[in-house]
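Engineer: give me coordinates for this.
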Amino acid sequence: MKKAVITLMMLTASATAFAKGGAHLDQQKVDSDMQQLSAIKEEGAAFIMIDEDSSYVAVEYVGKWEEINNYVSHKQAKQRKLEKVNKQFVYSKTGETLASLEQKIVDHIQADQPKYFSVDVYRDYHGDSGEFNYLARVVEYN
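Structural biologist: Take a look at the predicted model:
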């Protein structure tokens, strides 16, 4: 009986460690993908010249394009003393992949356009289906 209990405890501990390891890998993938997101900030002015006697318009743009990456970790947010302004949860349906959750996160970020944001990913094993439900917490900072 003691051997059976010890074996059961070991199986439970190893299953928990496996589940935590998988979630950690999911978080690393999302971190990597979110760091690759970037927005383009435009600074400058456009000058338009119209000649009344001709049928052409000359447009000249003077300025610069600047690439901005506004994804930060919680640690970076603390170091920069950023202020939390919003927290949103993004859910996946059973059977949806991590990639589909990432797309929902990107859609949310593009809609809200926060100055800075961070993402925490969680997953839950869905019954006996062999599939996971994913949940992302998106924290927006100023």
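
Engineer: host element of residue 34?
Structural biologist: For residue 34, the host element (DSSP states H and E) is helix 2-36.

Engineer: any chance you could map the strands in the protein?
Structural biologist: Listed in chain order, the strands of the chain (DSSP state E) span 39-50, 57-68, 84-91, 116-126, 131-141.

Engineer: and those strands, which one is worst for confidence?
Structural biologist: Of all these, strand 39-50 carries the lowest average pLDDT, namely a mean of 64.

Engineer: so how far is residue 86 from residue 27?
Structural biologist: Applying CB to CB, to the nearest Å, the value for residue 27 to residue 86 is 20 Å. From N, CA and C alone the C-beta is placed, and that goes for glycine too.

Engineer: residue contacts, residue 84?
Structural biologist: When contacts are counted by CB atoms under 8 Å, 6 or more residues apart in numbering, residue 84 touches 77, 139-141.

Engineer: which two in those residues are spaced the farthest apart?
Structural biologist: Among the contacts of residue 84, the pair separated by the greatest distance (CB to CB) is 77 and 140, at 10.2 Å.

Engineer: residue 86 contacts residue 139, doesn't it?
Structural biologist: Yes. Between residue 86 and residue 139 a contact is recorded at 7.5 Å, counting by CB atoms under 8 Å.

Engineer: which one of the two has more residues nearby?
Structural biologist: Under the neighbour definition other CB atoms under 10 Å, residue 86 and residue 139 were set side by side, and residue 139 has more, 19 against 12.

Engineer: just checking, that one touches residue 117?
Structural biologist: Yes. Residue 139 is in contact with residue 117 according to CB under 8 Å; the separation is 6.5 Å.

Engineer: what number of residues are in the vicinity of residue 124?
Structural biologist: Neighbours of residue 124 under the rule other CB under 10 Å: 12.

Engineer: all set now, cheers.
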